[in-house]
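# Got a sequence here, can you build the structure:
(one chain, ligands or ions: 3)
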Amino acid sequence: MIKYNLLINNSIIMNKNIIILGVQWGDEGKGKVIDLLSKNVNYVVRYQGGNNAGHTIIINEKKIILHLIPSGIMHKNVKTIIGNGVVISPNNLLSEIKELENLNIKIKNRLFLSTMCPLVLEYHIAMDLAQENFLKKKLIGTTGKGIGPSYTDKISRYALRIDDLFNKDIFAKKLKQIVDYYNFQLIYFYKSNSVNYKKILEHTLDISENITKISIDVSDFLYKARKNNKKIIFEGAQGTFLDIDHGTYPYVTCSNTIAGGALTGTGIGPLHVDYVLGVVKSYSTRVGSGPFPTEIFDKYNLHITNKGKEFGSTTGRKRRVGWLDIIFLKKAIIINSLTSLCLTKLDVLDGLDTVKLCVSYITSSGKKIFNLPIKQEDWNHIKPVYEIHPGWKENTCGITNILNLPQAAFNYIKRIEELTNINISIISTGPDRNNVIILDHFL
Ligand code: GDP
Ligand code: IMO
Ligand code: MG
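Residues are numbered from 1 along each chain as shown. Ligands and ions are numbered 1, 2, ... in the order given. Presented below is the predicted three-dimensional model:
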């Protein structure tokens, strides 16, 4: 018997600061959910990643993919902020701003970024591609956007950052040293093409003012916002298992994608976050290489790929697809201290005879385990153990009331809650902003 209550007209009054992040390998539908909930807040703040992210928003059949600009930008009363944890390609940021302005979305006074963001420049992209080429079959499958090398510079303490753009002489000097260092590696180690110092210098300085004029002290800004009782969404990019520390290393991205990243990536303290919403697909996907125990190779792959349109928003690559993995999900709940889950793409499972949930693994020695192996090398050898549930034939796309879901779909949701011991508070039933069920235990 369905016993959930629906929020009247899906309307919400949010009085909490909330982190919204992916709890799988990215592309969970974060963009859609953040856009949806942004109408209730004052600020939306990105805290990590770069233009490797692709966050899709669909409003009345119009599709917008954001890479650097936070997903709250579609709501005119919302200001968007990019925290120090994000690496910035000046080129990409400016072209994204232009694209939005061409759609009559006002950006002026609505987008700010931290002076501490490291830059992504041409040599990072050259290095990303050279490194992948060098790894051959063992490649990570990066987005090729230079993200890893830019974060490497940051950790190595020689990154060029937004604040370096304020002084052209200092910038020129630092850039020369870095380009020499990169070119040495590109030419002699990677046997690849070098990059041109003068070209990068001139181009970057040409456009630098457009970036410096919107740069601010983000932690100070957020402190004041908090004092004035403003409401904030912290927007994650990628997903929990692409986290540099907690993910399926080395098949990860180079930032802290988990909830903790919202603190270091913006300069807010841990007590300033009231809620952590984990976005999870009704199944799993990942792009690029790395362990994926529930990956599907049978007829269900085609159904999910086609119905879910599982092709990367940034690179267009076909995403690998799999069943929902409860073991990974439970780990994500712990790492991120999730308050509740938002389950997306339920409609993609419509029409399947059965749906599966991975509830344990069998190791190569035949042992049944209920946790992730502690050694990375074992991740490739575990076999999933599934619970098999009846599917549903009915169409769930666009359903906004939980009472209208087919019983089998409802049972599937309920079983995920039981296995993970956490509430599913939002269910996304289609790509459009309005295809959603929000339950009264969301806030
Ligand atoms: P993000 O990176 O987490 O923001 O996700 P992406 O935008 O890369 O990928 C999610 C894809 O699923 C996009 O094409 C969305 O339009 C789409 N999407 C989001 N929620 C739903 C849903 O509930 N149902 C369906 N069918 N598509 C959805
Ligand atoms: P959103 O925010 C899915 C993956 C790449 C690769 C690995 C490292 O849209 O969910 P990188 O270029 O970051 O060094 O690549 O991480 N990856 C993503 N996969 N969604 C993303 O972002 C991703 N960003 C990076 O495919 O496996
Ligand atoms: Mg994406």
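
# Now do the SS call for K63.
Look at K63: counting by DSSP: H, G, I helix; E, B strand; the rest coil, its state is strand.

# ok, now how distant is it from ligand 2?
Noted for K63: a distance of 14 Å to ligand 2, by Cβ to the nearest ligand atom, to the nearest Å. Placement of C-beta: from N, CA and C, glycine included.

# OK, contacts around that residue?
56-57 (Cβ atoms under 8 Å, 6 or more residues apart in numbering).

# Run through the bridge partners of it.
For K63, the beta-bridge partners are I58 (DSSP bridges).

# what separates it from I427, distance-wise?
21 Å (Cβ to Cβ, to the nearest Å).

# Check V87 too.
Taking Cβ to Cβ, one finds V87 at 33 Å from I427.

# Then V120?
From V120 to I427 the distance is 36 Å (Cβ to Cβ).

# neighbour-wise, which of the two wins?
Neighbours per residue (other Cβ atoms under 10 Å) separate V120 from I427, with V120 holding more: 30 against 27.

# That one contacts K145, doesn't it?
Yes: using Cβ atoms under 8 Å, V120 is in contact with K145, at 7.0 Å.

# what is in contact with the two at once?
Joint contacts of V120 and K145 (Cβ under 8 Å, 6+ apart) are 50-51, 89, 92.

# among the residues you listed, which are in helices?
Taking DSSP state H, the ones among the shared contacts of V120 and K145 that sit in helices are N92.

# top of the shared contacts of V120 and K145 by neighbour count?
G50 (33 neighbours).

# for the nearest residue to that one once chain neighbours are set aside, what are its contacts?
Spatial nearest neighbour of G50, excluding adjacent residues (Cβ to Cβ, 6 or more residues apart in numbering): V87 at 4.1 Å. Each residue near V87 by Cβ under 8 Å, 6+ apart is listed here: 49-50, 117-120, 147, 150-151, 154, 255.

# What does the pLDDT read for V87?
According to the prediction, V87 has pLDDT 98.

# just I12 next, same as before
I12 is given a pLDDT of 65.

# ditto for P270
Note on P270: pLDDT of 93.

# How about the stretch 1-150 of the chain: which residue is closest to ligand 2?
G26 (2.6 Å; Cβ to the nearest ligand atom).

# which residue packs closest to L113, ignoring adjacent ones?
L113 sits nearest to I82 (Cβ to Cβ, 6+ apart), 3.8 Å away.

# For the one you found, give me its contacts.
Contacts of I82 (Cβ under 8 Å, 6+ apart): 45-46, 68-70, 88, 111-114, 117, 218.

# As a markdown table, the residues you listed with secondary structure and distance to G22 would be great.
Listed next are the contacts of I82 as a markdown table, based on DSSP: H, G, I helix; E, B strand; the rest coil; distance: Cβ to Cβ, whole Å:
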| residue | secondary structure | distance to G22 |
| --- | --- | --- |
| V45 | strand | 16 |
| R46 | strand | 13 |
| L68 | coil | 17 |
| I69 | coil | 18 |
| P70 | coil | 15 |
| I88 | strand | 21 |
| L111 | strand | 22 |
| F112 | strand | 24 |
| L113 | strand | 22 |
| S114 | strand | 22 |
| C117 | coil | 21 |
| V218 | helix | 22 |
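
# Separate out the buried members of the residues you listed.
The neighbour-count criterion (16 or more other Cβ atoms under 10 Å) marks 45-46, 68-70, 88, 111-114, 117, 218 among the contacts of I82 as buried.

# will you turn these into CSV that also has distance to ligand 2?
Output for those, formatted as CSV (distance: Cβ to the nearest ligand atom, whole Å):
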residue, distance to ligand 2
V45, 15
R46, 10
L68, 11
I69, 13
P70, 12
I88, 14
L111, 18
F112, 20
L113, 17
S114, 19
C117, 16
V218, 20
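
# out of those, who's near ligand 3?
Applying Cβ under 5 Å from the ion, the subset of the buried ones among the contacts of I82 adjacent to ligand 3 is empty.

# so which of those residues comes closest to K331?
R46 (24.0 Å; Cβ to Cβ).

# Now do stretch 27-41, average pLDDT.
96.

# Quick one: end-to-end length of it, please.
One end of stretch 27-41 to the other measures 23 Å (Cα to Cα, to the nearest Å).

# Likewise for stretch 255-274?
End residues of stretch 255-274 are separated by 23 Å (Cα to Cα).

# Can you list the buried residues in that stretch?
Residues of stretch 255-274 classed as buried by neighbour count (16+ other Cβ under 10 Å): 255-263, 265-268, 272-273.

# What is the most widely separated pair among these?
Longest distance between any two of the buried residues of stretch 255-274 is 20.2 Å, between S255 and H272; criterion Cβ to Cβ.

# residues in contact with the residue lying closest to H389 once chain neighbours are set aside?
With sequence-adjacent residues excluded and distances taken as Cβ to Cβ, 6+ apart, H389 is closest to V355, at 5.2 Å. Counting by Cβ under 8 Å, 6+ apart, V355 touches 282, 323, 349, 388-391, 412.
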